[in-house]
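Engineer: okay, sequence plus prediction incoming.
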Amino acid sequence: MWLDRLTDGTTADSWEGTPSNPEGPYYVPGAPLLKPVGPGASYVLPMRSDEPGTPLIVSGQVRALDGQPLAMAELDTWQCADTGVYSMLGMDDQPDWNLRGRFHTDEEGRFEFRTIKPVPYMPADIPQSILDFYDALGKAHFRPRHIHLKVRHEDIAASGQFMTQLYFQGDPYLEADPGQNAHTRLAMPTRIHHEPAGAESRRAAEPRLLSGRPFQPHHRHRDSRPGAAGRLRLSPRLDGLTAVQHTSNSRREDSGRFQGHRSR
């Protein structure tokens, strides 16, 4: 993770569009391929029937370099649970593939999936020397809330895939990410709905949360990590991330207070 950030940061800051982000240590290949649910062809990440956390809807669009939508692009996404722990790592009793899944964009390159809002957590792989350094600076040890996204499509040059992470505006840990991966340009606004009906039909006529496009040759560099051959371009919209607060186990997230967890 730390080496990924070192190699990633030397190039991402000079790219136009959205920076890539490293894969991180918690990716597990082979996540289930999901089927769309409902008339809007939304997807739902695998989760428990009583999954703790604030329900979240993420929508967007993947586009090619020329602006054309990338139909049938595969999105591979994973995130931590409300405890700050990822599934499939043997750290808790989450079922296999909890909050992990793959799905495809539609013919217009659009997508929508439902999950829960992730929480900040303390990564298990931070060297003690780095923690001591952050203590000296008075900075937090927690990674900000984020969702991992790996996009695959034949029109993405070289490796055919692009790796990034999505963050949340207003997260107090965004500027003090101990992994130094967070980019403010990847931080998106959320709209709070206190009733489920207010969050339905989120596939707006022109969703522009995400647009993806492959590298041009002069932007390519040594392909030593996932995502080195593609990039995303971020155009935040309020209808891109939607927190739905209507279940008894949902925590209120609009107070500006965050609770961090350690991912062991």
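Structural biologist: Great, that's in hand.
Engineer: which residues of the stretch 101-250 of the chain fall in helices?
Structural biologist: Secondary structure of the stretch 101-250 of the chain (DSSP state H, counting those that start in this stretch): helices at 128-137.
Engineer: okay, now the unreliable bits of it?
Structural biologist: 125, 157-158, 177-183, 193-250 (pLDDT under 70).
Engineer: strands of that one, start to end?
Structural biologist: Applying DSSP state E, counting those that start in this stretch to the stretch 101-250 of the chain gives strands spanning 110-116, 121-122, 147-152, 161-168, 187-188, 190-193, 210-214, 230-234, 241-244.
Engineer: now the angle from the first one to strand 147-152?
Structural biologist: Computed with axes from the mean of the first three to the mean of the last three C-alpha atoms, to 10 degrees, the direction of strand 110-116 lies at 150 degrees from that of strand 147-152.
Engineer: and strand 110-116, what does it pack against?
Structural biologist: strand 43-44, strand 55-61, strand 74-78, strand 100-104 (3 or more C-beta pairs under 8 Å, 6 or more residues apart in numbering; DSSP states H and E). The C-beta positions use only the backbone N, C-alpha and C, and glycine is treated the same way.
Engineer: residues in contact with the third one?
Structural biologist: Looking back up the chat, that one is strand 74-78. For strand 74-78, the surrounding residues in contact (C-beta atoms under 8 Å, 6 or more residues apart in numbering) are 26-28, 31, 45, 62, 86, 99-105, 111, 113, 115, 147-153.
Engineer: which positions within stretch 90-101 qualify as buried?
Structural biologist: Across stretch 90-101, burial judged by 16 or more other C-beta atoms under 10 Å covers 91, 94, 97-101.
Engineer: repeat for stretch 47-59
Structural biologist: Quick answer for stretch 47-59 (16+ other C-beta under 10 Å): 47, 51, 53-59.
Engineer: buried residues in stretch 130-145?
Structural biologist: So stretch 130-145, judged by 16+ other C-beta under 10 Å, has buried residues 130, 140-145.
Engineer: okay, how far is it across stretch 167-175, tip to tip?
Structural biologist: End-to-end span of stretch 167-175 (C-alpha to C-alpha, to the nearest Å): 11 Å.
Engineer: now swap in stretch 24-33 and tell me
Structural biologist: 21 Å.
Engineer: quick one: mean pLDDT over it.
Structural biologist: Averaged across stretch 24-33, pLDDT comes to 95.
Engineer: next one: stretch 66-75
Structural biologist: pLDDT averaged over stretch 66-75 gives 87.
Engineer: buried stuff in it?
Structural biologist: For stretch 66-75, by 16+ other C-beta under 10 Å, it's 69-70, 73-75.
Engineer: and stretch 31-47, by the same measure?
Structural biologist: 31, 34, 36, 41-47.
Engineer: I'd like the residues you listed as JSON lines, with distance to Gln169 appended.
Structural biologist: What follows is the buried residues of stretch 31-47, written out as JSON lines (distance: C-beta to C-beta, whole Å):
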{"residue": "Ala31", "distance to Gln169": "27"}
{"residue": "Leu34", "distance to Gln169": "27"}
{"residue": "Pro36", "distance to Gln169": "28"}
{"residue": "Ala41", "distance to Gln169": "27"}
{"residue": "Ser42", "distance to Gln169": "23"}
{"residue": "Tyr43", "distance to Gln169": "24"}
{"residue": "Val44", "distance to Gln169": "24"}
{"residue": "Leu45", "distance to Gln169": "22"}
{"residue": "Pro46", "distance to Gln169": "27"}
{"residue": "Met47", "distance to Gln169": "24"}
